[in-house]
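[1] below are the sequence and a predicted model for it; my questions follow.
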Amino acid sequence: MRAAFAMSGALFGEIFPDDLRVRLAKFVDAPDAVLGGLSGTLADVEVLITGWGCRRIDAAVLDGAPGLRAIVHAAGSVKGHVTPEVFERGIVVSSAAAANAVPVADYTMSMLVLAAKSVPHRIRAYAAGGWPDGPHPGVPPAGERAGLGGATVGVIGASRIGRLVIERLRAYDATLLLNDPHLDARQARELGCELVELDELCRRASLVTVHAPALPETYRLLDRRRLGLLPDGATLINTARGTLVDTEALTHECVSGRLNAILDVTDPEPLPAGHPLLSAPGVWVTPHISGARGGELRTLGEYAVGEVERFVTGRPLRGQVRLADLMRIA
């Protein structure tokens, strides 16, 4: 069975080191290089292994790939390059989103722990010559202790990553609020959370972490009004998509010092140099690094190779994506 890689070449060797390509070669005939383009290059390819940097696989690409049977994505969301035409032609799609979710959940938990101790504010105060335990605007709301123990954490979206974060949060003595329109109260309780409306979550949570997909109905889900509901000193953590938050409204709240934020995604992305959020007190902006990086990249390749093996040997795929999923994934 003939396979091909379609992704940016920059990370190819880290995602698919030599030993993984040797393992892959036991099941498919795949080159040791990535395709620079897709048009006219897929005539005899049955399995396309994609990654970050793959172009959209539309009808024109598919017309040049009459034998294509499977697309295996060695990264997270396939929404950027897989089109409905892929599914309409009966091509099976798989994603390593489950593998990529783990480092995102770990990043989120790390930031929740640091935010609960007002670390961004304390670092800035210390750098300016202030004592770390001195007064600063990033204190927890009245009645809450510093640290995750006893904090009220709001999770927006019981997605794959959201559930991993909830699982990790259960190790702490924290009150967990969950907003997800696709869950009922019983399902939320089974996760260890209280299901609440989004406005109530915003009013009650001192820490809010966003794990919802970018959809027309979630555009600026956290708008000026909802951000205004958050308690003074609350921290917003966003590792989902920047469009879920009204950047202008969040900038106003953070520059004033009323709210804090830890953002791995922004709208626009990246923020322009000199944007007020980059220097606002209590704000950290990281360059979309919560997903797999460094040694974590290999796990994406391992997952993808495993999916190719399962496809070739006729076993169910662990990360199969269906057409209906495109409407709700990130």
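    Sure, I can see it.

[2] what ranges in the stretch 51-200 of the chain fall below the confidence cut-off?
    131-146 (pLDDT under 70).

[3] show me what stretch 85-98 is in contact with.
    The contact list for stretch 85-98 (Cβ atoms under 8 Å, 6 or more residues apart in numbering) reads 57-59, 62, 68-78, 82, 160, 299-300, 303-304, 307, 311, 317-323, 329. C-betas here are computed from N, CA, C, even on glycine.

[4] actually stretch 15-24, not the one I wrote
    By Cβ under 8 Å, 6+ apart, stretch 15-24 touches 3, 5, 7, 30, 32, 51, 74, 297-298, 300-302, 304-305, 308.

[5] related to what we said a few turns ago, may I see the PyMOL selection of the buried members of the contacts of stretch 85-98?
    Listed next is the PyMOL selection for buried residues among the contacts of stretch 85-98, using 16 or more other Cβ atoms under 10 Å:
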select buried, resi 57+62+68+69+70+71+72+73+74+75+76+77+78+82+160+299+300+303+304+307+311+317+319+321+329
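
[6] out of the contacts of stretch 85-98, list just those in helices.
    Cross-referencing those against helices under DSSP state H gives 59, 62, 160, 299, 300, 303, 304, 307, 311.

[7] check contacts around the third one.
    Right, residue 160. Taking Cβ under 8 Å, 6+ apart, we find residue 160 in contact with 97, 98, 101.

[8] now do 6 Å
    Residues near residue 160 by Cβ atoms under 6 Å, 6 or more residues apart in numbering: residue 101.

[9] quick one: which of the contacts of stretch 15-24 is most hemmed in?
    The residue in the contacts of stretch 15-24 with the most neighbours, by other Cβ atoms under 10 Å, is residue 74 (32 neighbours).

[10] from what I can see it touches residue 305, true?
    No: using Cβ atoms under 6 Å, residue 74 is not in contact with residue 305; the gap is 8.5 Å.

[11] okay, now the domains of this protein?
    3-95+294-327, 100-285 (automatic domain parsing).

[12] how far is the last one from where the chain is centred?
    Translated: domain 100-285. Chain-centre distance of domain 100-285: 14 Å, with Cα atoms, centre = their mean, to the nearest Å.

[13] ok, the shortest one next?
    In terms of Cα atoms, centre = their mean, the centre of domain 3-95+294-327 is found 20 Å from the chain centre.

[14] got the end-to-end distance for it?
    This stretch, domain 3-95+294-327, spans 28 Å end to end (Cα to Cα, to the nearest Å).

[15] likewise for stretch 278-289?
    From its first residue to its last, stretch 278-289 covers 16 Å (Cα to Cα).

[16] next: stretch 153-167.
    Span of stretch 153-167 from end to end, Cα to Cα: 13 Å.

[17] can you list the buried residues in it?
    Per 16+ other Cβ under 10 Å, stretch 153-167 contains these buried residues: 153-166.

[18] closest to residue 174 among those?
    Lowest distance from residue 174 to the buried residues of stretch 153-167 (Cβ to Cβ) belongs to residue 153, with 5.2 Å.
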